[in-house]
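Engineer: just need the structure, nothing else, for what follows:
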Amino acid sequence: MKSVAISNTPIEQIQPSSFKNTESALEKISTTNETHHALINQQNQMRSANDHEFSPLPYSLDQRGAIVPRLDNTVVAVSSGAIFDFSNDHKIAIEHGSEAYDKYQIEHEDDILEKGEAFNLCEKMFAVNEQLKAIGSDLRFDVVITSKNTPDACMRALKSAEHYNLPINRTAFTNGASPYQYTKAFGTSLFLTTNAQDAKEAVNEGVPAAQILPSNQKEQSSQLRVALDGDAVVFGDSSEKISFEKGLEGFYQHEQQNKNTPIEKGPLFPFLYRLSLLKKEFPKEKCPIRIAITTARAAPAAERLIKTLRNWGIEIDELHLLGGMNKGPFLEAFQADIFLDDNIKNAQQGSAHVVSGHVHFGINNQSKA
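Structural biologist: Sure, this is the predicted structure:
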């Protein structure tokens, strides 16, 4: 820290302009402190609205080099195999071993990788960042790569990202070790991976995560469109357990009896919450983000769901109450960039129409744990 010199000049000899400079400096300090406390209060409000822990505030340098705290970015971690297509490379590792794989990565580090399942989602998030910047917002999506892949593959992934104009600056390549612990260190709001075990471990450790399935991507909107299941994804699975134990009639009765009691938060609540914060930065008619809840619930169980979202202060754009119908055609009509569901059957049906992921959480996945 730079030392401060103490002046020995008698106070009566100090020029009035010096007092003006001091007053100006004190005003700046006061303004900075007020801004700091406002941000801290805003973060505390976020914490009180969320049972999950939030990562520490990231810091940035302003033009004077001072450290200025701000709210968390919405961190989305993707595996290298989710954002880029490493399928042919992985065949080399399986058929010829790790040394041949490493040699191949070095020899082909300038070869640009094809786009993976999560590529378009990441591209859309960076496009939203440009719009956030244009309106003067400090909030951002922050895409990081966390992967079991090798450091040599990291070089190729970063060169591919640069080729596609994706400004990805942070990575954790673990060379075979599970990367989920680094998703927690990054303060991740959503972790997308093609590896089922990594997705399970992340969810078990409290990280919002999903396994991306091989998907059929259709025509997309210019907006970033996210579709999420309700129970055991956005919400907890307590109501779903009632359905398993007492059947559909018992489930509807339970939801009516508890219609004024908010449902507990589920594993992907942090991601939905942060999406809603980003949405609120834009005028409604010009928002580049669109959110849908696409659920197997039907009308008798809708009231509790809607009141819960109100209680959380979250506004969604669309609610699809499908009463057990195949979700795929509705997701295609919505033009979802991603759909996440705890039921593997629903996720697979969705993947025939849009990029879909399986959330390894709740009673639907207990026998598969």
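Engineer: tell me which residues of stretch 180-193 come out buried.
Structural biologist: By neighbour count on 16 or more other C-beta atoms under 10 Å, the buried set for stretch 180-193 is Y180, Y182, T183, K184, F186, G187, T188, S189, L190, F191, L192, T193. All C-beta atoms are positioned from the backbone trio N, CA, C, and that covers glycine.
Engineer: wait, which of the residues you listed is closest to L166?
Structural biologist: Closest approach to L166 among the buried residues of stretch 180-193 (C-beta to C-beta): L192, at 14.5 Å.
Engineer: three-state assignment of the closest one?
Structural biologist: Secondary structure for L192, judged by DSSP: H, G, I helix; E, B strand; the rest coil, is strand.
Engineer: contact partners for it?
Structural biologist: Applying C-beta atoms under 8 Å, 6 or more residues apart in numbering to L192 gives the contacts V76, A77, V78, S79, A82, A118, L121, A209, A210, I212, I338, G357.
Engineer: and the helix or strand where the last one lies, what does it pack onto?
Structural biologist: Put plainly, it is G357. For G357, the element it lies in under DSSP states H and E is strand 356-358. Here strand 356-358 touches strand 209-212, strand 338-341, helix 344-351, going by 3 or more C-beta pairs under 8 Å, 6 or more residues apart in numbering; DSSP states H and E.
Engineer: average pLDDT across the last one?
Structural biologist: Averaging pLDDT along helix 344-351 gives 97.
Engineer: what is the neighbour count of the nearest residue to I291 once chain neighbours are set aside?
Structural biologist: Using C-beta to C-beta, 6 or more residues apart in numbering and skipping the chain neighbours, the partner closest in space to I291 is I316 (4.7 Å). The burial metric for I316, expressed as a neighbour count using other C-beta atoms under 10 Å, is 18.
Engineer: just checking, I316 touches L309?
Structural biologist: Yes. Counting by C-beta atoms under 8 Å, I316 does reach L309; the two are 6.4 Å apart.
Engineer: so what sits against both of the two?
Structural biologist: In terms of C-beta under 8 Å, 6+ apart, I316 and L309 are both contacted by the residues I293.
Engineer: helix or strand right after the lowest-mean-pLDDT helix or strand in the chain?
Structural biologist: Sorting the helices and strands of the chain by mean pLDDT, DSSP states H and E puts strand 67-69 at the bottom, at a mean of 32. Per DSSP H and E, strand 67-69 leads on to strand 74-78 as the next helix or strand towards the C-terminus.
Engineer: sheet partners, orientation included, of that next one?
Structural biologist: Paired strands of strand 74-78, with direction, are strand 141-147 (parallel), strand 188-193 (parallel) (DSSP bridges).
Engineer: and the pLDDT for V4?
Structural biologist: Residue-level confidence at V4 comes out at 40, pLDDT.
Engineer: go on, G97?
Structural biologist: 89.
Engineer: look up how far T150 lies from it.
Structural biologist: Distance from G97 to T150, counting by C-beta to C-beta, to the nearest Å: 13 Å.
Engineer: what ranges do the strands span in the stretch 151-300 of the chain?
Structural biologist: 171-173, 188-193, 209-212, 224-228, 289-295 (DSSP state E, counting those that start in this stretch).
Engineer: need those strands in TSV (columns: distance to L158).
Structural biologist: Formatted as TSV, those follow (distance: least, C-beta to C-beta, whole Å):
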stretch	distance to L158
strand 171-173	7
strand 188-193	18
strand 209-212	20
strand 224-228	23
strand 289-295	27
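Engineer: CA atoms only for stretch 344-356, dumped as PDB, please.
Structural biologist: The C-alpha atoms that make up stretch 344-356 are tabulated as PDB, following Å, rounded to 0.1, in the frame of the first residue of the first chain:
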ATOM      1  CA  ILE A 344     -34.700 -39.100 -18.800                       C
ATOM      2  CA  LYS A 345     -37.600 -40.000 -21.000                       C
ATOM      3  CA  ASN A 346     -38.700 -36.400 -21.200                       C
ATOM      4  CA  ALA A 347     -35.200 -35.300 -21.900                       C
ATOM      5  CA  GLN A 348     -34.800 -37.800 -24.700                       C
ATOM      6  CA  GLN A 349     -38.100 -36.800 -26.200                       C
ATOM      7  CA  GLY A 350     -37.000 -33.200 -26.100                       C
ATOM      8  CA  SER A 351     -33.600 -34.100 -27.700                       C
ATOM      9  CA  ALA A 352     -35.400 -35.200 -30.900                       C
ATOM     10  CA  HIS A 353     -36.400 -31.500 -31.400                       C
ATOM     11  CA  VAL A 354     -34.000 -29.200 -29.400                       C
ATOM     12  CA  VAL A 355     -30.800 -29.400 -27.400                       C
ATOM     13  CA  SER A 356     -31.800 -31.200 -24.200                       C
END
